[in-house]
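Enquirer: Output the structure for:
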Amino acid sequence: MSQEMYFSRMQKLLKDEYNAYIESLSKPLYRGMRINLKKAELDEFDHLDNPSRFCKESYYVDKPLGNHPFHICGCFYLQEPSASSAVEILDVQEDDYVLDLCAAPGGKSTQIASHLKSGYLVSNEIDAKRAQILLSNIERMGVKNVAVTNTSVDKLAKVFDACFDKILVDAPCSGEGMIKKHDVALNNWSIENVELCATRQKEILEHAYFMLKPGGTLVYSTCTYALEEDEDVVLDFLEKHEDMILVDPEVSWGRKGFKDLNVRRIFPMDGGEGHFIAKFKKQSDVAGKLPVLKSKKIDNVTQKFLKEQLNTLPNNYYIDKDRVYGMDVPFVDFKKVKVLRQGVYLGDVIKNRFEPSHSFYMVADFDYKRKVDVTLEEMDLFMHGEVLQKECEKGYVAVCFKGHPFGFGKSDGKQIKNKIPKGLRLLPNSHVNID
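Expert: Presented below is the predicted three-dimensional model:
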């Protein structure tokens, strides 16, 4: 009965295009990949000939690429093409302070981070398991000036008062745009869930409003088609906040929304599985001050290691017991908010020596002094935990494929002992594959 109601609603929504929508459900899923501009150049992927219309660094692909060496290196992120649309409309600048409120698994957060230089990203996910996946993707993509938090939106709002230049609310939704990918999305569809999602979305937007600077941009997005979760949420938000103005997304792809609102919708007929995006500007209020921590002083052991490994060191440090973290912007004081990681986890000081972490060797803009390039076959061996018989300088070394680090090892001059964490290694029957 619920499925019949869903399709009946879609027929009323789409009218003459309903048959085209139904036809789209029998076609293959749109697959996509987005190049990580922090780690790779567009010309490294000049063999790709089907660019996405939603984002200049995104392409349509026709096969799984999870074991591609550049994916392992963090040079690209696998992302359904229309999912890149919201960040494109957010229009992130290199010095922005950005909040991604519902961030897992990390596609939009890592897209935001790829545009930041002197800026900073807070990437939040309330679900603990999904937050760990988010952290893993943030690490693989080499993000440095970031905090990954695992908390509710209301708790974040108590820490940040009008502090962010840009906020993305890619809200939890009924997922109508995911029914082709996940049968459960259609099987579990109900009008009660649509209404429940809409209530939750309005609550999230309320907290986001108070964390946005005057003059700041807020983008609200979903991957559902329901008016209750899309245009109706926008109208409710505008009614509550007269200082929030709905602004032109200024894009040509997709289509204008319903109810005469200048928002953007993407249906399968538009080249993506489904997305809704609304862009707001805040016109009043007083800017708050970001609560920051004083940078810690690193010990001589840590400083010696970093100078041996890097041409340029991070500007700020935070030390938690033996663990050392670094990034270029000041560390933020999150008070009682649960933070999974802030900055790059550089490593640990253990018995007067420094033990680097895997994440230290995945940072996009670290200029490593000690690195060694390996072949595809050697990369496959190393990703399976093998020792490499390869001559290089003694000590810890970044192990790279075509100049892109994917892990590290410790060399005695003739062989490189594997230091890639066991949880990140490939399974025995799985192989690095460039085809």
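
Enquirer: And for the worst-scoring helix or strand of the chain on mean pLDDT, what's in contact with it?
Expert: Of all helical and strand segments in the chain, the minimum by mean pLDDT, DSSP states H and E falls on helix 183-187, at a mean of 79. Residues from elsewhere that reach helix 183-187, judged by CB atoms under 8 Å, 6 or more residues apart in numbering: 3, 6, 174-176, 178-179. All C-beta spots, glycine's among them, are computed from the backbone N, C-alpha and C.

Enquirer: Out of the residues you listed, who's the most crowded?
Expert: In terms of neighbour count, Ser174 stands highest of those at 26 neighbours, by other CB atoms under 10 Å.

Enquirer: OK, contacts around that residue?
Expert: For Ser174, the contact set (CB under 8 Å, 6+ apart) comprises 185, 189, 193-194, 197, 224, 226, 229.

Enquirer: Kindly report the same for Arg140.
Expert: Per CB under 8 Å, 6+ apart, neighbours of Arg140: 72, 74, 362.

Enquirer: could I get the residues you listed as CSV with neighbour count?
Expert: Listed next are those as CSV, based on neighbours: other CB atoms under 10 Å:
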residue, neighbour count
Ile72, 20
Gly74, 25
Met362, 26
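
Enquirer: For the residues you listed, give me TSV that also has distance to Met327, pLDDT and secondary structure.
Expert: Below are those laid out as TSV (distance: CB to CB, whole Å; pLDDT from 0 to 100; DSSP: H, G, I helix; E, B strand; the rest coil):
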residue	distance to Met327	pLDDT	secondary structure
Ile72	24	98	helix
Gly74	17	98	coil
Met362	14	98	helix
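
Enquirer: Including distance to Leu381, could these go into CSV?
Expert: Below are these laid out as CSV (distance: CB to CB, whole Å):
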residue, distance to Leu381
Ile72, 13
Gly74, 20
Met362, 19
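
Enquirer: which one among those residues gets closest to Glu139?
Expert: For the contacts of Arg140, the minimum distance to Glu139 (CB to CB) is 5.7 Å, reached by Met362.

Enquirer: So that closest one sits against Gly74, correct?
Expert: Yes. Between Met362 and Gly74 a contact is recorded at 6.2 Å, counting by CB atoms under 8 Å.

Enquirer: any shared contact partners between these two?
Expert: With CB under 8 Å, 6+ apart, Met362 and Gly74 have common neighbours 140, 142, 406.

Enquirer: Next, give phi and psi for Val397.
Expert: Here is the backbone geometry of Val397 (degrees, to the nearest 10): phi -140, psi 140.

Enquirer: Leaving out the residues flanking it, which one is nearest to it?
Expert: Using CB to CB, 6 or more residues apart in numbering and skipping residues adjacent in sequence, the residue nearest Val397 is Arg370, 4.6 Å away.

Enquirer: now Asp380
Expert: Sequence neighbours aside, Val432 is the residue nearest to Asp380 in space, at 4.3 Å (criterion: CB to CB, 6+ apart).

Enquirer: Among the contacts of helix 183-187, name the ones in helices.
Expert: 3, 6 (DSSP state H).

Enquirer: Ser26: which of the contacts of helix 183-187 is nearest?
Expert: Ile179 (12.2 Å).

Enquirer: which residues of the stretch 301-435 of the chain fall in helices?
Expert: 376-383 (DSSP state H, counting those that start in this stretch).

Enquirer: so the residue nearest to Val397 sits right up against Ala398, yeah?
Expert: Yes. Using CB under 8 Å, Arg370 makes contact with Ala398 at a distance of 6.5 Å.

Enquirer: who are the neighbours in contact with Gln120?
Expert: To be clear, residue 120 is Tyr; Gln isn't right here. So, once contact is read as CB under 8 Å, 6+ apart, Tyr120 ends up touching 97-98, 145-147, 329, 332.

Enquirer: Then Arg9?
Expert: Arg9 neighbours (CB under 8 Å, 6+ apart): Ala226.

Enquirer: Also the one 5 residues further on?
Expert: With contacts taken as CB under 8 Å, 6+ apart, Leu14 has the following neighbours: 20-21, 267.
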